[in-house]
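Novice: Okay, predicted coordinates and the sequence, questions at the end:
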Amino acid sequence: MSAPARPYLTRVSQFAWLASFWFVVHFIWATLLPVVIPALVKGMVAFEQQGRMLGLLLGAGAAVSAVLQLTIGFVSDSSESRFGRRKPYIVIGVLLSCAAMLYLVNAPGYWHLLAAYALVQIFLNTASVPYQSMMPDLVAERYHGRAAAMMGVFDLTGKLSGLMVVALVLAGVGMGAARTAASGRPTFAVLGVVYCVLLLVIGAAVLLKAPSYPSTPAAGFLRFRPAQSGRKLLREFANFGFRANWEFVKLALSRTAILLGYYTFIPFVYYFVEANLHVPPERIWLAAVLLAGIILGAVAGNIAGGYLSDRVGKRRVIFLGMAVTIVFMLPMVFARDIFTAIGFGIGLGAGWGAFIAADWAFAFTLIPKQKTARYMGVWDMTALAPQMVAPAVAGFARDQLLGLPGGEATAYQLIFSFAILYFIIGLVILGYVQERPLPEEDVA
């Protein structure tokens with residue numbers, strides 16, 4: 001029998017509603033990684049151990065998730081369902097993520113927090129890896145830049161909205177911002193409810209509207225199609241076909257290096273604002289404002305980068321975006337006050353937004369259609385591997401550099417400056433990636 005016709009989406013409005021679940025995913029990560037988890041760790045761990053314990057938590061959670069990233073894509077690509085290969089996993093992931101989120105924001109101690117974070121990584125990625133695969137599944141190649149720009153817009157607006165909510169929490173304006181009598185650390189209980197509502201409402205909207213491709217009515221809700229033997233199944237699982245997709249591998253290595261710089265910076269912004277920009281604890285909500293400024297710049301850069309990447313080439317836009325990011329990174333790191341840092345952060349964000357749009361579009365173009373979810377799992381590993389390595393290295397370095405003149409402030413200046421080296425390495429690797437010309441017409 002011939003394969004069912006692929007239901008390609010071609011309109012910006014279609015890209016927008018399909019990309020909207022990305023808003024929820026990044027609302028969650030933008031609040032957890034740079035603000036919520038560091039704030040909770042700070043209330044649970046002694047000052048001289050905060051760097052390494054934060055790095056351990058983030059690294060352990062990412063390591064657990066890495067195993068899932070390399071398997072859930074294969075499982076999704078090898079599944080049948082009346083709802084397509086992606087939707088059942090999104091349903092399962094969303095429901096289990098809600099339970100894990102509520103556990104995390106109410107964790108009574110450090111080890112509970114670590115366990116909860118690992119569960120969040122597992123379950124949220126169970127939903128997000130198959131979800132991401134819907135975009136290259138359903139969007140014609142000549143529209144990849146614009147579709148990626150929509151994903152970038154929802155990525156960035158999700159982060160911005162999340163940071164605004166967290167700023168209210170840290171400022172003590174309702175939202176469960178009461179501080180516990182024992183530790184004085186902020187609580188984020190209501191955030192868990194917000195996470196669940198967003199996951200359920202927006203997740204349901206996307207699932208109801210997106211085409212079910214490919215639909216196999218006889219398979220019911222979900223059926224995995226294993227190979228005939230365990231040996232054949234292992235061989236099929238291990239057969240990613242990287243030799244035939246070498247340009248994708250090089251692009252993934254480039255992104256890994258660049259995100260090593262990103263995850264050297266983001267998890268420590270909360271501490272940086274206190275130590276370097278001299279923001280007192282009662283105004284620590286300004287850490288969320290700094291991140292919001294970066295994201296506002298990124299929204300503009302992302303929209304421009306998505307459209308430019310379809311016209312002048314994705315690799316060129318990545319180079320331009322990262323050049324702008326580097327130019328604004330150093331003065332922001334060495335700023336003396338929060339408002340100067342916010343100004344430089346907006347410029348940094350514009351470059352980063354262009355990078356996000358063009359990099360995603362480049363990946364969509366290079367991913368083989370028959371292994372979409374598996375390659376998206378590998379693509380997500382380019383973020384998970386830096387999450388495992390960068391915070392641990394930066395946290396260890398922070399604790400070791402506390403004895404320098406200037407103490408913690410000098411440590412963060414050195415560590416964040418080193419992040420620029422990661423960016424440069426990523427651009428060097430990108431120089432070896434070949435970008436194929438777009439076909440004149442897309443074949444359904």
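Specialist: Structure received. The model shown is predicted, which means the values in this text are computed figures rather than measured ones.
Novice: show me what contacts the nearest residue to residue 44 once chain neighbours are set aside?
Specialist: The spatially closest residue to residue 44, leaving aside those adjacent along the chain, is residue 110, at 4.5 Å (CB to CB, 6 or more residues apart in numbering). C-beta: built from backbone N, CA, C; applies to glycine. Contacts here follow CB atoms under 8 Å, 6 or more residues apart in numbering; on that basis residue 110 touches 41, 44-45, 53, 57.
Novice: cutoff 7 Å now
Specialist: Shown in contact with residue 110 (CB atoms under 7 Å, 6 or more residues apart in numbering): 44-45, 53.
Novice: For residue 197, see how far away it is.
Specialist: Distance of residue 110 to residue 197, computed by CB to CB, to the nearest Å: 28 Å.
Novice: Same question for residue 269.
Specialist: For residue 269 relative to residue 197 (CB to CB), the value is 26 Å.
Novice: Between those two, which is the more surrounded one?
Specialist: Applying other CB atoms under 10 Å to residue 269 and residue 197 shows that residue 269 carries more neighbours, namely 22 against 12.
Novice: contacting residues for the more buried one?
Specialist: Contacts of residue 269 by CB under 7 Å, 6+ apart are 34, 287, 290-291.
Novice: Quick check: the two most widely separated of those residues?
Specialist: Using CB to CB, the contacts of residue 269 span at most 9.6 Å, a distance reached by 34 and 290.
Novice: Tell me the spacing between the residue nearest to residue 381 when sequence neighbours are not counted and residue 92.
Specialist: Spatial nearest neighbour of residue 381, excluding adjacent residues (CB to CB, 6+ apart): residue 69 at 5.2 Å. Separation of residue 69 from residue 92 (CB to CB): 16 Å.
Novice: Could you do residue 397 as well?
Specialist: From residue 397 to residue 92 the distance is 39 Å (CB to CB).
Novice: Look at residue 83 and tell me its secondary structure.
Specialist: coil (DSSP: H, G, I helix; E, B strand; the rest coil).
Novice: how deep is it tucked in, by neighbour count?
Specialist: Residue 83 sits with 21 neighbouring residues when counted by other CB under 10 Å.
Novice: Tell me both backbone torsions, phi and psi, for it.
Specialist: For residue 83, the backbone dihedrals (degrees, to the nearest 10) come out as phi -100, psi 10.
Novice: ok, and what's touching stretch 139-147?
Specialist: So stretch 139-147 is in contact with 8-10, 12, 15, 135, 306-307, 309-310, 361, 364-365, 438-439, 442, going by CB under 7 Å, 6+ apart.
Novice: follow-up on the earlier one: looking at residue 69 and residue 92, which is more packed in?
Specialist: Taking neighbours as other CB under 10 Å, residue 69 and residue 92 compare with residue 69 leading, 26 against 16.
Novice: Measure how far the strand or helix carrying the more buried one is from the centre of its chain, please.
Specialist: Using DSSP states H and E, the element containing residue 69 is helix 50-77. Distance, stretch centre to chain centre, for helix 50-77: 12 Å (CA atoms, centre = their mean, to the nearest Å).
Novice: Any buried residues in that helix, and which?
Specialist: Across helix 50-77, burial judged by 16 or more other CB atoms under 10 Å covers 50-62, 64-66, 68-70, 72-77.
Novice: Same question for stretch 39-52.
Specialist: Within stretch 39-52, the residues scored as buried using 16+ other CB under 10 Å are 39-45, 50-52.
Novice: for that stretch, what is the average pLDDT?
Specialist: Averaging pLDDT along stretch 39-52 gives 83.
Novice: Quick check: closest non-adjacent residue to residue 132.
Specialist: If the residues on either side of it in the chain are set aside, residue 132 comes closest to residue 376, at 4.7 Å by CB to CB, 6+ apart.
Novice: now do residue 249
Specialist: Nearest non-adjacent residue to residue 249 (CB to CB, 6+ apart): residue 242, at 5.3 Å.
Novice: How about residue 225?
Specialist: Nearest non-adjacent residue to residue 225, counting by CB to CB, 6+ apart: residue 78, 5.4 Å away.
Novice: Would you agree that neighbour is in contact with residue 219?
Specialist: No. With contact defined as CB atoms under 7 Å, residue 78 does not count as touching residue 219 (11.8 Å).
Novice: Secondary structure of residue 380: a helix, I assume?
Specialist: Yes. Secondary structure of residue 380 (three-state DSSP): part of a helix.
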